[in-house]
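Q: Quick one, fold the following:
(one chain, ligands or ions: 1)
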Amino acid sequence: MQVSPHVYVMHIDDGAAFHPGGSNNYFVGDPREAMVLIDTGDQHREWTHSLLQYYKQLGQPRISTILLTHSHHDHIGGLDRIYEVMPAPVRCHPKLVAKLQTMVETDAVVALQPDELVTTGGGVALQALFTPGHEVDHVSYYLGEEHVLFTGDCILGGSSTTVRDLGSYMQSLTLLTQYPHETICPGHGPVVPPPRGAELVRWYIEHRLEREQQVLAALSKGLGTIEDITRDVYPADLPAGLRRGAEQNVATHLEKLVQEGRLDETPARYRLRT
Ligand SMILES: [Zn+2]
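A: Residues are numbered from 1 along each chain as shown. Below is the predicted model:
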């Protein structure tokens, strides 16, 4: 499916519970000239097969660069087999280089610089925006010409995402708001077109700030364990399968508040600093 003049998406329903709405890999550029591939999917045969099928449909364009958003297996797992078909330079966050060098030729993997422009066919360029938080080595990409943001797992199309470091995650979201965009092309879930695409990053920021207020309210009631705070903040009928994720989310909020010096932490217990 074509998203905008130079953006094509390969969508697959991978059936993973963590990301409802399937997953996406993107080809960016001009199929008659050259294109960039963003992410290589999981190691699953079916996923790699779909990607190669779509590549054929595009007329097997020259791939000028393979860009990776981050180190999770559902983004880099297919790399070695994809690389056999599209032997292009592999570009990623500096912290991901060593891992990828075990999957393809060592010389093929080159670290991105923050804000670096990666050019391709059709005279377009993708800008690498370092956006840690979901993972330390996460990079988003910006196609300024068409106001499109490729957000990897920083922003998803159909749900909120998991976060390892909420402090840096919030900074990353703020960074994304500085790049005028109308369309969000996420790693998972549907592509979010205008007008909602322009609002989504802001919505993510507000959603997290609201959750932080709820965690602070629970703390001010004297609740001090992750379990108690989660029970207070989330609905009582939260399905058991989602409770662990909810607790992890509360834990990341507490870690952020500790880092900001707003909480005292004693082993397994948190209370508001007076
Ligand atoms: Zn993912």
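Q: Contact partners for the residue lying closest to Thr131 once chain neighbours are set aside?
A: Distances taken as CB to CB, 6 or more residues apart in numbering put Ser172 closest to Thr131, at 3.7 Å, once the chain neighbours are dropped. Every residue, glycine included, has its C-beta placed from N, CA and C. Ser172 makes contacts with Phe130, Thr131, Pro132, Gly133, His138, Ser140, Cys154, as judged by CB atoms under 8 Å, 6 or more residues apart in numbering.
Q: okay, the residues you listed in JSON lines with distance to the ion and neighbour count next?
A: Formatted as JSON lines, the contacts of Ser172 follow (distance: CB to the ion, whole Å; neighbours: other CB atoms under 10 Å):
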{"residue": "Phe130", "distance to the ion": "17", "neighbour count": "20"}
{"residue": "Thr131", "distance to the ion": "14", "neighbour count": "27"}
{"residue": "Pro132", "distance to the ion": "15", "neighbour count": "20"}
{"residue": "Gly133", "distance to the ion": "13", "neighbour count": "22"}
{"residue": "His138", "distance to the ion": "10", "neighbour count": "29"}
{"residue": "Ser140", "distance to the ion": "13", "neighbour count": "28"}
{"residue": "Cys154", "distance to the ion": "10", "neighbour count": "30"}
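Q: need those in JSON lines with distance to Arg208 and pLDDT, can you?
A: Output for these, formatted as JSON lines (distance: CB to CB, whole Å; pLDDT from 0 to 100):
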{"residue": "Phe130", "distance to Arg208": "19", "pLDDT": "98"}
{"residue": "Thr131", "distance to Arg208": "14", "pLDDT": "98"}
{"residue": "Pro132", "distance to Arg208": "15", "pLDDT": "98"}
{"residue": "Gly133", "distance to Arg208": "10", "pLDDT": "96"}
{"residue": "His138", "distance to Arg208": "16", "pLDDT": "98"}
{"residue": "Ser140", "distance to Arg208": "17", "pLDDT": "98"}
{"residue": "Cys154", "distance to Arg208": "12", "pLDDT": "97"}
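Q: Among those, which one lies nearest to Thr230?
A: Within the contacts of Ser172, proximity to Thr230 (CB to CB) peaks at Gly133, which comes in at 20.6 Å.
Q: So Asp137: helix, strand or coil?
A: Three-state call for Asp137 (DSSP: H, G, I helix; E, B strand; the rest coil): coil.
Q: Quick check: the gap between the residue lying closest to Asp13 once chain neighbours are set aside and Asp80.
A: Among residues not flanking Asp13 along the chain, Gly22 sits closest, at 4.2 Å (CB to CB, 6+ apart). With distances taken as CB to CB, to the nearest Å, Gly22 is found 23 Å from Asp80.
Q: same check, this time on Pro132
A: Separation of Pro132 from Asp80 (CB to CB): 25 Å.
Q: what does Gly41 give?
A: Using CB to CB, Gly41 is found at 12 Å from Asp80.
Q: Enumerate every residue touching Leu149.
A: For Leu149, the contacting residues are 140-143, 155, 176, 179, 181, 183-185, 197, 201, by CB under 8 Å, 6+ apart.
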